[in-house]
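Visitor: Predicted model and sequence follow; I will ask about them next.
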Amino acid sequence: MKAVHGWILGWSESLDRKRRSEGLRVDMIHRSVHQKIIEVTYLSDRIVSVVETGRSHTDSNPNGTGDPYAHGVTIDLPTRQTFAVGPCPGRGRPFFRIGPYFDFCTIERYDAFLDLWIRKGIALSQARPPIRRYEADKDCDRIDYEDVAPGMSFTVYLTLAGLAVHAGSLVRFKGDECGDERNSFNPVILPYRELEPFLQPGPWKDELLK
């Protein structure tokens, strides 16, 4: 947990430095990152997974409510290593991997991941009862998964039910308050059995497919 907190603090401080270099205020009120929730989503003798959500104040909105963000981090306890969405060796975005355990580093693998995420997200959206008119303005459960495209912002973390894919602020939400929300539609949970082709041999695969 100290490692996760330190990683978040490092990201926050890097944004603070950027704000100062641009002449923007940085103090207890005008911080670059305002943390909202940090939650343990998976816990075993070997693996801990954590998600943290909040608001970041960037160039596009330095003094307003901020842009929603979510960061997922997974810790391999025996090796004391932390993993998040990371780059593939020799490849740029949108290809990614999660340490040596999940591999989406080819066009075929990434397209299959994207297709699974979109299909699960659309299924969740279609299963939701129609909202009442007076609820429309506060509805954070409406995400246009049809708009998900290569390069969209997201984070991932482990849960008991599967790999959680939490959409970022680049997906069209009903309102600006929704990007840092965790609800029945965000994240989308991808069952580990359906991700078996992307799980690399090793202790994570053995545990997650039990």
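Guide: Arrived safely, thanks for sending.

Visitor: C-terminal to the lowest-mean-pLDDT helix or strand in the chain, what's the next element?
Guide: Sorting the helices and strands of the chain by mean pLDDT, DSSP states H and E puts helix 2-21 at the bottom, at a mean of 68. Next helix or strand after helix 2-21 toward the C-terminus (DSSP states H and E): strand 33-43.

Visitor: Which elements pack onto that next one?
Guide: Packing partners of strand 33-43 (3 or more CB pairs under 8 Å, 6 or more residues apart in numbering; DSSP states H and E): helix 2-21, strand 47-56, strand 67-76, strand 154-158. Heads up, the C-betas are built off the backbone N, CA and C, glycines and all.

Visitor: Recalculate using a threshold of 6 Å.
Guide: Contacting strand 33-43 under the criterion 3 or more CB pairs under 6 Å, 6 or more residues apart in numbering; DSSP states H and E are the following elements: strand 47-56.

Visitor: tell me the angle of the strand it packs on relative to strand 154-158?
Guide: 150 degrees (axes from the mean of the first three to the mean of the last three CA atoms, to 10 degrees).

Visitor: Low-confidence stretches in this structure?
Guide: 1-9, 11-12, 15, 19-20, 22-35, 56-67, 125, 127-152, 168-185 (pLDDT under 70).

Visitor: I'd like to know how far the closest residue in space to residue 40 that isn't next to it in sequence sits from residue 95.
Guide: Distances taken as CB to CB, 6 or more residues apart in numbering place residue 50 nearest to residue 40, at 5.6 Å, with adjacent residues excluded. Between residue 50 and residue 95 the computed distance is 24 Å (CB to CB, to the nearest Å).

Visitor: Compare these two (neighbour count), which wins?
Guide: Between residue 50 and residue 95, counted using other CB atoms under 10 Å, the more crowded position is residue 50 (24 against 19).

Visitor: Who does the more buried one form a beta bridge with?
Guide: Note on residue 50: beta-bridge partners residue 40, residue 73, judged by DSSP bridges.

Visitor: Tell me if I'm right that it and residue 75 touch.
Guide: No. With contact defined as CB atoms under 6 Å, residue 50 does not count as touching residue 75 (7.6 Å).

Visitor: Now for those two: what residues contact both?
Guide: Residues within reach of residue 50 and of residue 75 at once, by CB atoms under 6 Å, 6 or more residues apart in numbering: there are none.

Visitor: which of the residues in stretch 82-100 are buried?
Guide: 82-85, 88, 94-99 (16 or more other CB atoms under 10 Å).

Visitor: and those residues as TSV, adding secondary structure and distance to residue 113?
Guide: Shown next, in TSV, are those (DSSP: H, G, I helix; E, B strand; the rest coil; distance: CB to CB, whole Å):
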residue	secondary structure	distance to residue 113
82	strand	21
83	strand	16
84	coil	16
85	strand	11
88	coil	12
94	coil	10
95	coil	10
96	strand	9
97	strand	11
98	strand	11
99	coil	16
